[in-house]
Each structure stands twice: as structure tokens, then as C-alpha cells.
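Asker: need the 3D shape of this:
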Amino acid sequence: MYTPILRVISPAMRKGACAGSMTGMISPVIKLKYASFFPPTHAHGPGFFHTKRPVNNMEELKGLRIKSDANTSKVVAAAGATPTTMPMLETYDALKRGLTDGVLLPIETLKGWKFGEVCKYTYENPGNAYSNGFFIAMNKETWNSLPKDIQQIIYKLDEEFFEKRATIWRTIDEEG
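Answerer: Predicted coordinates:
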């Protein structure tokens, strides 16, 4: 049963989207059978391979154990590396103890999750990068029950904060 509250969710939207490029793909409201989703939308910066040893081409990924999740493990396997799934909270220790050789994650995780302390190399290849999209979803009946002026306020807020969200993600990646 879908609860009539606003929820922030993260679907597997893996089309190479980057921060600041998704509103045009999703806006205006897309009506689904049971829910509507609508701006604000955004995506984190591209996820690249960050490794403990230098990787200069895809061939050098072969044999490396790379932390991934259920969705990105397909990218890791296609690149020739061995997907190693684990929770984010266990990743730093796994890298430090040699249980994994790297990660496939956005650049910002080098700083935010401190993976840069153990992963000294980043292989930036847009051809095997990924991104997650984020959007807000609401029970369709709840959205339809909102007065039109409130719906318009939500759209207006998205317009105001669209560039701010994109700038924040870009800044976080640059700091990573």
C-alpha cells in the first residue's frame, strides 16, 4: 500500500545523467498508475573506478575486485573486474584490509566517505561511468488533492533550486 506522504527515493536511472541535466527528462509531472513523480530532480556526478593501484585502461581492470552494488555490478563485470558487493559502511575497512581493490562510485566519495585515503587512483572513463537519479514521488491521490496553487509552488521551488542542487553536486565532486 502506498502511503500518502512525500518520499524521497532513488531509483536506478542509469543513462549517464549528470547533475543538472534531469529536470527536462522528468518534468512536468509524469502520472503513473498509483503515483506521480515530479521535480525536484537531480543526479549525482559520474561514478568512476577509484583503485588502490594505477589503472590506465580497461584491460588493467581485469582481475581487480571492485566494490559495487546490485546495479553497478554489471558495469564492473562488463569492464572485466570482479564485482564485490558490500554495504558502504563496510567499504573503507574492506579497502584498507585488502578485501577489495577499488570502488565504482562518484568522485565525492573520495572525500565524503574518505575512500581517497586508500584509493589513490581514479580511472575517469565516461564510457563506463554511471549516475543515480533522484526525484520525489507522491501518492497520486495525494498529489491530485493538493490545490493547484500549492502544486505550482512546488514547481516554482524546483525552478529556484534546480541550479543550486546542480552546483552543490558539482562542488562536492570537485572537492572529492
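Asker: alpha carbons only for contacts and neighbour counts from here, please
Answerer: Will do.
Asker: which elements pack onto the helix or strand that Thr167 is a member of?
Answerer: Here Thr167 is covered by helix 148-175, with elements defined by DSSP states H and E. The criterion is 3 or more Cα pairs under 8 Å, 6 or more residues apart in numbering; DSSP states H and E, and the helices and strands that helix 148-175 contacts are strand 35-43.
Asker: immediately after the strand it packs on, which helix or strand?
Answerer: From strand 35-43 onward toward the C-terminus, using DSSP H and E, the following helix or strand is strand 47-51.
Asker: now do that following strand: everything it contacts.
Answerer: Around strand 47-51, the neighbours that count as contacts under Cα atoms under 8 Å, 6 or more residues apart in numbering are 101-107, 119-126, 128-131.
Asker: what element comes up after that strand heading to the C-terminus?
Answerer: The element immediately downstream of strand 47-51 (helix or strand, assigned by DSSP H and E) is strand 65-68.
Asker: which neighbours does that following strand have in its sheet, and in what orientation?
Answerer: Each strand paired with strand 65-68, and its direction, by DSSP bridges: strand 82-85 (parallel), strand 102-106 (parallel).
Asker: pick the most deeply packed of these.
Answerer: Among the strands paired with strand 65-68, ranked by average contacts under mean count of other Cα atoms under 10 Å, first place goes to strand 102-106 (a mean of 26).
Asker: that strand vs helix 148-175, what angle?
Answerer: On the basis of axes from the mean of the first three to the mean of the last three Cα atoms, to 10 degrees, strand 102-106 is oriented at 140 degrees to helix 148-175.
Asker: tell me the mean pLDDT over strand 102-106?
Answerer: Along strand 102-106, the predicted confidence averages to a pLDDT of 95.
Asker: what residues does it touch?
Answerer: The list of residues contacting strand 102-106 from outside it, by Cα under 8 Å, 6+ apart, reads 44-52, 64-68, 72, 76, 95, 119, 131, 173.
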